[in-house]
Each structure stands twice: as structure tokens, then as C-alpha cells.
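Peer 1: give me a model of this one.
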Amino acid sequence: MPDCSFGIIPFRVDADAIRFLLVWETWGEGHWNFPKGHAEDGETPLQTALRELKEETGLTPEAVISTEPLVQTYSFDDNGRKVDRRLEYFVARMRNDEVTLRVEEVSRFEWMTLDELLVTTPFPELRETALQAHFLATTR
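Peer 2: As a prediction, the model looks like this:
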């Protein structure tokens, strides 16, 4: 059974580009990712994603534009133990960009264009999900 997390891919539309909010996760060596987390009892995936976005960034979306989540699956080694991971992301347009970080989980943030995101992350799954989110953001 995979470890499941649910998140929001927050975006805003600027005059020159669509920008995605990424947070620096402090887990392990640290890396850029979209806000996400594990479900609490009785939560739906979307409820979890919205709660995690609010907890980590203080943001509330103007609109969730994806009715079905974008899914990432991958495996990694955690001290000799294989971990199967499943991430489900909903794409959401933000009404503002005033981020308030929860520093216990994320230490900084950045609004990135798709091009910036693609060259910043070493994770092919994140790049593919960002491409899908960008398509949704430009067509809805």
C-alpha cells in the first residue's frame, strides 16, 4: 500500500506569465515541492489538500480548477526500506499571493514560472505534473 499525500498546485496569473507557488520542504536534504500532506480522519483528498495549503502557506484558493487530481507515483529508498509514494494534486487559482509560512514544515517559498520550475527541480514526476497543471491553468 503506497504512502498517500494530497496537495494543491497553487498558481496565479501575472501579466507576463503563469506562476506556481513552490515551498521548500525541510524533510531530508530539502527540496522544492507543491504544498501537500497526509489526510486526517474523515477527510476527503480535496479537504486534505485545502487544509494543507492553508496550514503551510496561509492561502485560500479563489477556485479549484481540476475536478480530478493530477497523480504522481514513485518509489524511493528510506534507510534500506522501500517506500511507494502516491501524490494527488488539485490545481487551484489563488486570489492573492500573501504567503504566511508554517516554518516547522516549509522554510521558504517562491512563485516560479513553468520554465523556472522545470530547470529547478530534479524530479521528473514533478516536472510532468507541472506541465499538466500549466495546461489546465491556460485552458480554464
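Peer 1: can you give me the strands for the protein?
Peer 2: Here the chain has its strands, by DSSP state E, at 3-13, 18-25, 31-33, 36-37, 61-64, 70-78, 81-94, 106-113.
Peer 1: quick one: which of these is nearest Thr138?
Peer 2: Among those, strand 18-25 comes nearest to Thr138, with 6.8 Å by CB to CB. Backbone N, C-alpha and C define where each C-beta goes, glycine included.
Peer 1: any idea what sits nearest Ala17, other than its immediate chain neighbours?
Peer 2: Leaving aside its sequence neighbours, Ala17 sits nearest to Thr113 (CB to CB, 6 or more residues apart in numbering; 4.6 Å).
Peer 1: sorry, back to before: of all the strands of the chain, which one is nearest Arg127?
Peer 2: When the strands of the chain are compared by CB to CB, strand 70-78 sits nearest Arg127, at 10.4 Å.
Peer 1: which elements pack onto the closest one?
Peer 2: Secondary-structure packing of strand 70-78 (3 or more CB pairs under 8 Å, 6 or more residues apart in numbering; DSSP states H and E): strand 81-94, helix 124-139.
Peer 1: tell me the most buried of these?
Peer 2: Comparing the helices and strands packed on strand 70-78 by mean neighbour count (mean count of other CB atoms under 10 Å), strand 81-94 ranks first with a mean of 18.
Peer 1: distance check, Glu29 against His38.
Peer 2: Distance from Glu29 to His38, counting by CB to CB, to the nearest Å: 21 Å.
Peer 1: surely Glu62 and Arg93 touch.
Peer 2: Yes: with contact defined as CB atoms under 8 Å, Glu62 reaches Arg93; the gap is 5.0 Å.
Peer 1: thinking again about what came up before, can you add distance to Phe135 and give the strands of the chain back as TSV?
Peer 2: Converted to TSV, the strands of the chain look like this (distance: least, CB to CB, whole Å):
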stretch	distance to Phe135
strand 3-13	12
strand 18-25	10
strand 31-33	20
strand 36-37	20
strand 61-64	16
strand 70-78	10
strand 81-94	9
strand 106-113	14
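Peer 1: Lys54: what's it in contact with?
Peer 2: The neighbourhood of Lys54, defined by CB atoms under 8 Å, 6 or more residues apart in numbering, consists of Thr60.
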